[in-house]
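In: Attaching a predicted model along with its sequence, questions to come.
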Amino acid sequence: MFDRISIRWRLALVSAGLTFVVLCAFAVVFGQLTTSRLRSDFIGETATAATRLQERLTISPTIPAGYRISPSLELYGAPNKAAIQLYWGDRRPIPGGSTPSAPDLGAPTVQGTRETGGYLIETRYALLNPGDDVTRQLSFPVWIEYARPLEDLERTIHQLQLLLGVGVLGGALLALIGGAALARRSLRPITDLTAAAQEIARTRDPDRHVPEPPTDDEVAELARTFDEMLTSLEASRQETEGALVRQREFVADASHELRTPLTSILANLELLSDGLEGDRKDAANAALRSSQRMRRIVADLLLLARNDDRQPATRQHVDLAAIAREATTEAGALTEDHELDVAGDQPVIIDGDRDELHRLVINLVENAIRHTPAGTTVAVTTGSDANSAVLVVEDNGPGIPAEQRAQIFERFVRRAGDHGGSTGLGLAIVRTVAESHGGSARVEDAQPGSKFVIRIPLAAVTRA
């Protein structure tokens, strides 16, 4: 999923992720140190306050009964919200020796620090020395419990942790936004290169160039390299087009020039064959058949060359059904072992070249005859479907292997088992003629056999 997002957001996410990891590590270390320092300071302040109270504490009897405790426990503990409890040496509470609402912290046992009921308690054992007037000052031991609530410390630690968490998330978010903005700014030259390349691909204008960034960095080098590549590709394309134009012109000229001598050769061979007997007649007939095959090849090459050169052809209203019947009858003279069936009596009018369409049908029928065994039925059907004329040529032969269907319409491609019986141009001409008429040609599986479907747009008057 990470690879599916843009480079800009990948850079921003990586930047934010690294920042998040660094801030998390900082927050953990700083939080632990600060928390330890806060707890240490809290314990130290509590111990100091308890020690000062121990040093300043005096208890004097009053008349008629009672004790005066100095300093005032309530005032002494107020700054730290502390609770103070005094006990005699035998751990009995001293009357009046506690702050108001002081919780029961338990009787003191030993001096030191402990935590109980959400309080940090400092316990001190003090022996009050007698003064000048022994009737006013006690001279026996006293236990002092000085307790501070931990909720203030925990609240401070929680606020610190919350502040660190917000800082980590905020820093990561700022890193994400800043990384996205920086990546967008850094990738803007590449975005401009992409837009320019897309515009060149859309317009196919060889004179356009990609913009070169003002900075001399890796992106500028990429732009220069890309521009040089476009220049080289344009030069190569012009060379290739020039070679193809010369090749098409040569094929067209050669095919056109060969038609006249071939016609003369065919006429002479026909006359010669009529006047010979025996082996000489057979040799003349073989030469006649080879010449006829050569004439067809020349005609096929001329048709393909003219289509490659996109020469405009004369179009007129023709009946595809009538052309199919005529072409099938002509192709039927080549075989006595196949059954040809023509269906479709209704006229199917299209705008097309009659000779090229005639060649299309003959090639399809001859292809079916050539590649199917004796006794195979070849069915030719014409009709219309929506705005298209449909020509279907199918047989119940062995069919076409699936691996050959993708390239069967390519030039000079022969089907399996063809050892020189065809030129490999028949089906290429079928597709060329269909596409030159604005249609399409495809092969389907007839189960059994093969099925060729040709679609050509109907004439405008027919659609109307």
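Out: Yep, it's here.

In: so where do the helices sit in this structure?
Out: Applying DSSP state H to the chain gives helices spanning 7-56, 73-77, 151-203, 218-274, 278-308, 320-332, 354-370, 402-405, 426-436, 460-463.

In: what does the second one contact?
Out: The list of residues contacting helix 73-77 from outside it, by C-beta atoms under 8 Å, 6 or more residues apart in numbering, reads 53, 82, 83, 84, 86, 97, 98, 99, 100, 146. To be clear about C-beta, it is placed using only N, CA and C from the backbone, and glycine gets the same treatment.

In: looking only at pLDDT, what's the mean for that helix?
Out: Averaging pLDDT along helix 73-77 yields 88.

In: mind saving the C-alpha coords of that helix as CSV?
Out: Output of helix 73-77 as CSV, limited to C-alpha atoms (Å, rounded to 0.1, in the frame of the first residue of the first chain):
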residue,chain,number,x,y,z
LEU,A,73,0.5,23.0,63.0
GLU,A,74,-2.3,24.3,60.7
LEU,A,75,-0.3,27.3,59.6
TYR,A,76,2.9,25.3,59.3
GLY,A,77,1.3,22.7,57.1
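
In: now it: how far from the chain's centre is it?
Out: Relative to its chain's centre, helix 73-77 lies at 72 Å (C-alpha atoms, centre = their mean, to the nearest Å).

In: Over to stretch 267-274?
Out: Distance, stretch centre to chain centre, for stretch 267-274: 69 Å (C-alpha atoms, centre = their mean).

In: Give the rounded mean pLDDT of it.
Out: In this model, stretch 267-274 has a mean pLDDT of 78.

In: what's stretch 212-221 in contact with?
Out: Under the criterion C-beta under 8 Å, 6+ apart, residues 189, 190, 192, 193, 223, 224, 227 lie in contact with stretch 212-221.

In: Pull out the buried positions in it.
Out: For stretch 212-221, the buried set under the neighbour-count rule, 16 or more other C-beta atoms under 10 Å, comprises 212, 213, 219.

In: From residue 196, how far off is the first one?
Out: Residue 212 sits 10 Å away from residue 196 when distances are taken as C-beta to C-beta, to the nearest Å.

In: By mean pLDDT, flag the weakest helix or strand of this protein.
Out: None of the helices or strands of the chain scores lower by mean pLDDT, DSSP states H and E than helix 460-463, at a mean of 63.

In: In the stretch 251-400 of the chain, where is pLDDT below threshold?
Out: Applying pLDDT under 70 to the stretch 251-400 of the chain flags the ranges 251-252, 254-256, 259, 292, 302, 305-314.

In: Could you find the closest non-adjacent residue to residue 187?
Out: Closest residue to residue 187 apart from its sequence neighbours, by C-beta to C-beta, 6 or more residues apart in numbering: residue 8 at 5.6 Å.

In: tell me the contacts of that neighbour?
Out: 180, 183, 184, 187.

In: Tell me the buried residues within the residues you listed.
Out: 180, 183, 187.

In: Could you point out which of these is nearest to residue 320?
Out: residue 187 (56.6 Å; C-beta to C-beta).

In: The closest one against residue 12, yeah?
Out: No: taking contacts as C-beta atoms under 8 Å, residue 187 lies outside contact range of residue 12: 10.8 Å.

In: Skipping adjacent residues, who's closest to residue 62 in space?
Out: Using C-beta to C-beta, 6+ apart and skipping the chain neighbours, the partner closest in space to residue 62 is residue 68 (5.2 Å).

In: got it, and residue 361?
Out: Spatial nearest neighbour of residue 361, chain neighbours left out: residue 327 (3.6 Å); criterion: C-beta to C-beta, 6+ apart.

In: burial count for the one you found?
Out: 22 (other C-beta atoms under 10 Å).

In: Common neighbours of residue 187 and residue 12, please.
Out: By C-beta under 8 Å, 6+ apart, no residue touches both residue 187 and residue 12.

In: which parts of stretch 10-17 are buried?
Out: Buried, per 16+ other C-beta under 10 Å, within stretch 10-17: 11, 12, 13, 15, 16.

In: How much space separates residue 68 from residue 88?
Out: Distance, residue 68 to residue 88, by C-beta to C-beta: 16 Å.

In: go on, residue 276?
Out: 154 Å.

In: about what we covered before: may I see the contacts of stretch 212-221 organised as TSV, with neighbour count and distance to residue 167 added?
Out: Shown next, in TSV, are the contacts of stretch 212-221 (neighbours: other C-beta atoms under 10 Å; distance: C-beta to C-beta, whole Å):
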residue	neighbour count	distance to residue 167
189	21	35
190	16	34
192	16	38
193	20	39
223	20	42
224	14	45
227	17	48
